[in-house]
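>>> Here's a sequence, model it:
(4 chains)
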There are 4 protein chains.
Amino acid sequence: MKIEHTLDFIRKLFVDMIPFHQLIGMEIREFTPAGVEVYIEMKPELIGNPAHQILHGGVTSAMLYAAGGLMAMASVINTLAESEDADVLQKRLQNVATIDIRVDYLRPGRGNWFVVTAEVVRQGNKVAVTRMNMHNDEGKQIAQGTATYMVG
Amino acid sequence: MKIEHTLDFIRKLFVDMIPFHQLIGMEIREFTPAGVEVYIEMKPELIGNPAHQILHGGVTSAMLYAAGGLMAMASVINTLAESEDADVLQKRLQNVATIDIRVDYLRPGRGNWFVVTAEVVRQGNKVAVTRMNMHNDEGKQIAQGTATYMVG
Amino acid sequence: MKIEHTLDFIRKLFVDMIPFHQLIGMEIREFTPAGVEVYIEMKPELIGNPAHQILHGGVTSAMLYAAGGLMAMASVINTLAESEDADVLQKRLQNVATIDIRVDYLRPGRGNWFVVTAEVVRQGNKVAVTRMNMHNDEGKQIAQGTATYMVG
Amino acid sequence: MKIEHTLDFIRKLFVDMIPFHQLIGMEIREFTPAGVEVYIEMKPELIGNPAHQILHGGVTSAMLYAAGGLMAMASVINTLAESEDADVLQKRLQNVATIDIRVDYLRPGRGNWFVVTAEVVRQGNKVAVTRMNMHNDEGKQIAQGTATYMVG
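Next comes the predicted model:
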C-alpha cells in the first residue's frame, strides 16, 4: 500500500469515523510523513472560562492528543516498507496507543482559531515520542506538549 | 460568603456557563472541600478508536483537567476565611489557572460510564497541585493524572 | 530461579555495581514484589540551595528514578513464573528501560534523611507505570513522581 | 547591578557553593541571558546500567534540572531592570523554585561527554517554563525535558 493512500485512509477515518472530532470541530489541515497540522475554529461551545472568554484547556489537551496521535501513526507508516500488506499496516495502526501526555498551558487561549503542529522526537520499534505546539491566529504560542506511544 | 454557597456557585457555573461541559455531557457528582467527582456517560460521540470502541483519550484528558481544576478551586476556598468578601473570592477563583497537566493512560477506556476523582497534594498560596484518577463502571482504573495551578 | 534470589541479585547489583548509588549514598531499605523503599542520608554534598540548606532537586529526581526503576524490575519478576530460566530473566531485567519520568516538588527538601517508596500502577507485557513518593524524617511529603518503562 | 555581574555571581555559586555539582562533575559552559549550556564528562561513577555502560538516568534528570533552573534564573534577571538593587535581585533569585520537571529518555546515554542546553518557553511574573535538551559528543539527542518554576 502506498504511503499516500494510507495517509488518505487515516485522514478520512479521523473525520468520518471519530465523531468526537466532528463534535468539537477539529480538522486535519496537513498530514504528511513529515508533519501534522490540526485546526479548530473558536466557538462558544469551546469556551472554558466565561470570565475571560478563552479556549477550554480540555479542548487544548484533546487537540494536542489528536495531533500527536496522528504524528505517531505517520511515524509507523514511515518505518514500514511501501510493499507492506494493507491489513498488516491497518492492524499496526489500530494498535498505536497513547501511554502518556504532558501539556503546558503557556498563554491564555485567546483567538479566532487555533492550530496544533506535531513532530516526532523518538521513532522506535516499540515506543514513539512526539512534541506538539498550539498557536493562535496571531501566531502566539498557547500551549506545548509531549506524548509517548506504544507503536509495536 | 459561606463555603457551601461558593461551592454551589461554582457547581452552577460548571454546568450552566461552560457550554463545553454540556457539549460532551460532563457532570459534577460531588463537590466538597474534601473531594470532587466528575461523571460522564459513554455515548457514540465520545468514541476515539472505532476499531476498539473506547473512550477518546482527549475526553479523558478533558475530564481530568476539569476535575483537577475544580479541586484547585476548592483548595482556594478552603484557605480563605468564611468571612471573606464574595467579590474578592470570585476574583481569586477566576484567576486560578492551570500551569500543566500530565495524563497516564493505564487501560483502554471501555465502560458504560466513567468517573474522575481528584485530591489536593500541594496547597500553597501561589501554586497548588492535584492528583486525579479515572475509573469505569466496573471499578477499573482507566487513567491517572497530575496537574499544577497558579492560585495566587 | 526463585523470586527471592532474583531480588537479592538486584539488590546486590544496585549497591555494588552501580557506583553512582555509592557516590551519593543511596541505599535500598526494602525490596519485595510488593514494594520498594530507597533511603538517603542528608549530607553537605547533597545540598542544592546554599541559602536554604535543602536537598538538591536533582538528587530528588535521581532517587525517584532509582526507586521507580527497581519497582518496574520487581513487576517484571512478578509476571514471570518461578520456573523461569535465570538467563532469560536476567536478560529481560537488563532491557527494562525508562521512557519518561515526571517529578513534582511539593515541599522544600529539609530533613536529616529521606525515603522514597514506589508502587506499580500499570503492569503490562510491554509497558509499566510506577508512582513514587518521597518523605523526610518527619514524615512530611517532599516530592511525588510518575514514570513509564519499557519492560518487554 | 549589571546583568553580567549577576550571571558571574550565579556561575560562581553553581560551582563553588553547590557541592553536588562538584560531586558529579557538572560544569557550566555557557550562561548568558539567551542560553545555558551545562556539561558533564562520562566517568565510571556516573554509569547506571553496568550491562550497557550508559549514563545513569538520574544523572540525566539532575543535569536537565540544573540547566533548566539556571535558565529560569536568567529569565528573572532578564525581566529586572539593570538598575535593580543587588539585594532585591539576590533575594528573588534565591526564591526561584522548581514546581515540576518531565524528562523523556530518547536514546541510551552512550558517549564520552554530554551537554544540556536550555531555553525559556514561558517568561511570566509568577511562573516560568523551560525546555531542555541533552546531546552526546556525537551530536545525538539523548534526552529532552520541560520544567516549570515559581519565579515571583
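>>> Pick out the residue closest to the middle of chain A.
A:Ala67 (0.8 Å; CA atoms, centre = their mean).
>>> Contacts only, for it.
A:Ala67 makes contact with A:Val36, A:Glu37, A:Val38, A:Val116, A:Thr117, A:Ala118, A:Met132, according to CB atoms under 8 Å, 6 or more residues apart in numbering or on different chains. Where you see a C-beta, it was placed from the backbone N, CA and C, and this is true even at glycine.
>>> how about CSV for those residues, with distance to chain B, secondary structure and pLDDT added?
Below are those laid out as CSV (distance: CB to the nearest CB, whole Å; DSSP: H, G, I helix; E, B strand; the rest coil; pLDDT from 0 to 100):
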residue, distance to chain B, secondary structure, pLDDT
A:Val36, 15, strand, 95
A:Glu37, 17, strand, 96
A:Val38, 11, strand, 97
A:Val116, 11, strand, 98
A:Thr117, 17, strand, 98
A:Ala118, 14, strand, 97
A:Met132, 12, strand, 98
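>>> Which two of these have the greatest separation?
Using CB to CB, the pair of the contacts of A:Ala67 lying farthest apart is A:Glu37 and A:Met132, separated by 10.7 Å.
>>> and for these two, which residues touch both?
In terms of CB under 8 Å, 6+ apart, A:Glu37 and A:Met132 are both contacted by the residues A:Ala67, A:Val116, A:Thr117.
>>> out of A:Glu37 and A:Met132, which sits in the busier spot?
Per other CB atoms under 10 Å in any protein chain shown, whichever of A:Glu37 and A:Met132 has more neighbours is A:Met132, with 26 against 16.
>>> The more buried one: what's it in contact with?
By CB under 8 Å, 6+ apart, the neighbours of A:Met132 are A:Leu64, A:Ala67, A:Gly68, A:Met71, A:Val116, A:Thr117, A:Ala118, A:Gln144, A:Gly145, A:Thr146, A:Ala147.
>>> Okay, the second one and A:Phe9: tell me how far apart.
To tie it back to what came earlier, the one meant is A:Ala67. Distance, A:Ala67 to A:Phe9, by CB to CB, to the nearest Å: 18 Å.
>>> next one: the fourth one
Using CB to CB, we find A:Met71 at a distance of 16 Å from A:Phe9.
>>> ok, the two, which is more surrounded?
Shown here are A:Met71 and A:Phe9; by other CB under 10 Å, A:Met71 has more neighbours (28 against 16).
>>> contacting residues for that one?
So A:Met71 contacts A:Gly35, A:Val36, A:Ala118, A:Glu119, A:Val120, A:Thr130, A:Met132 (CB under 8 Å, 6+ apart).
>>> Kindly recompute the last result at 6 Å.
By CB atoms under 6 Å, 6 or more residues apart in numbering or on different chains, the contact list for A:Met71 reads A:Val36, A:Ala118, A:Val120, A:Thr130.
>>> got it, and A:Val115?
Neighbouring residues of A:Val115 by CB under 6 Å, 6+ apart: A:Glu37, A:Tyr39, A:His135.
>>> which residue ranges form the helices in chain A?
With DSSP state H as the criterion, chain A has helices at A:3-12, A:19-24, A:57-79, A:86-94.
>>> Just name the most buried of the ones you listed.
The highest mean neighbour count among the helices of chain A, using mean count of other CB atoms under 10 Å in any protein chain shown, belongs to helix A:57-79: a mean of 25.
>>> got the angle for it vs helix A:3-12?
Relative orientation of helix A:57-79 versus helix A:3-12 (axes from the mean of the first three to the mean of the last three CA atoms, to 10 degrees): 160 degrees.
>>> Show me where chain A dips below the pLDDT cut-off.
A:1, A:81-84 (pLDDT under 70).
>>> repeat that with 90
A:1-17, A:32-34, A:49-53, A:75, A:77-95, A:124-125, A:152 (pLDDT under 90).
>>> got the residues of it near chain B?
A:17, A:19-20, A:23, A:44-46, A:50-51, A:56-58, A:61-62, A:65-66, A:94, A:98, A:100-105 (CB under 6 Å from any CB of the partner chain).
>>> related to what we said a few turns ago, now render the helices of chain A as TSV, adding distance to C:Asn112.
Shown next, in TSV, are these (distance: least, CB to CB, whole Å):
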stretch	distance to C:Asn112
helix A:3-12	56
helix A:19-24	52
helix A:57-79	40
helix A:86-94	52
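>>> what's the closest of these to C:Gly139?
With CB to CB as the criterion, C:Gly139 lies closest to helix A:57-79 of those, at 34.0 Å.
>>> That closest one to helix A:86-94, inter-axis angle?
Relative orientation of helix A:57-79 and helix A:86-94, computed by the same axes, to 10 degrees: 150 degrees.
>>> what's the distance between helix A:57-79 and the middle of its chain?
Helix A:57-79 sits 3 Å away from the centroid of its parent chain (CA atoms, centre = their mean, to the nearest Å).
>>> Tell me the residues on chain A that lie near chain C, please.
Contact residues, chain A versus chain C (CB under 6 Å from any CB): A:Ile99, A:Asp100, A:Val127, A:Thr148, A:Met150.
>>> who touches stretch A:29-44?
Among residues not part of stretch A:29-44, those counted as contacts by CB under 6 Å, 6+ apart are A:7, A:11, A:25-28, A:63, A:66-67, A:70-71, A:74, A:78, A:112-118, B:19.
>>> Now the terminal residues of that stretch, how far apart.
22 Å (CA to CA, to the nearest Å).
>>> in it, what's buried?
By neighbour count with 16 or more other CB atoms under 10 Å in any protein chain shown, stretch A:29-44 contains the buried residues A:Phe31, A:Val36, A:Glu37, A:Val38, A:Tyr39, A:Ile40, A:Met42.
>>> How about stretch A:110-129?
Across stretch A:110-129, burial judged by 16+ other CB under 10 Å covers A:110-111, A:114-124, A:127-129.
>>> Stretch A:132-146 now?
By 16+ other CB under 10 Å, the buried positions in stretch A:132-146 come out as A:Met132, A:Asn133, A:Met134, A:His135, A:Asn136, A:Ile142, A:Ala143, A:Gln144, A:Gly145, A:Thr146.
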